[in-house]
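In: Got a sequence here, can you build the structure:
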Amino acid sequence: VRIELLEQTVLGLFSPVRKTISYGAPDTGTFTYLVPNDLAMADDYVVRITAVDNDDVRGESGVFALRATITVHAPRSSDSYNFGDEVEVHWSTSGVVGTVKVELW
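Out: Modelled structure (predicted):
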């Protein structure tokens, strides 16, 4: 089967294929896929599965969202600093995040 990632448009139509997840995956009823970090966040992604030899045999998932995340590794809740201390902030991202804003709350 062919497995593709698409976005649903306003009128319920589908965008051009955003990503071909697999072409020629075995028809086992399951497939594990690692979502790449280069996809944009959106609330309207759909997975389409199509028979490789017959485009008329296909099905689509329900609409789902892909979100980017930021995980802050430091400072931790157990850290303590004095006024005037220099503090390194460490984080990692998943997905397309772009420029980040670091604020003290």
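In: do you know how far the residue nearest the centre of the chain is from Ile3?
Out: Geometric centre of the chain, nearest residue: Leu66, 4.1 Å, by C-alpha atoms, centre = their mean. As judged by C-beta to C-beta, to the nearest Å, Leu66 and Ile3 stand 15 Å apart. (C-beta placed from N, C-alpha, C; glycine too.)
In: Check Val96 too.
Out: Using C-beta to C-beta, one obtains 22 Å as the distance from Val96 to Ile3.
In: Residue ranges in this protein under the pLDDT threshold?
Out: Applying pLDDT under 70 to the chain flags residues 10-12.
In: Verify the stated contact: Asn37 with Gly95.
Out: Yes - counting by C-beta atoms under 8 Å, Asn37 touches Gly95, with 5.7 Å between them.
In: the more surrounded of those two?
Out: It is Gly95, of Asn37 and Gly95, that has more neighbours when counted by other C-beta atoms under 10 Å, with 17 against 11.
In: list the contacts for that one?
Out: Going by C-beta atoms under 8 Å, 6 or more residues apart in numbering, Gly95 touches Asn37, Leu39, Met41, Leu66, Arg67, Ala68, Thr69.
In: quick one: secondary structure of the first one?
Out: Right, the one you point to is Asn37. coil (DSSP: H, G, I helix; E, B strand; the rest coil).
In: Phi first, then psi, for it.
Out: Per-residue torsions, Asn37: phi -80, psi -10 (degrees, to the nearest 10).
In: Look up how far Tyr45 lies from Lys19.
Out: The gap separating Lys19 from Tyr45 is 10 Å, by C-beta to C-beta.
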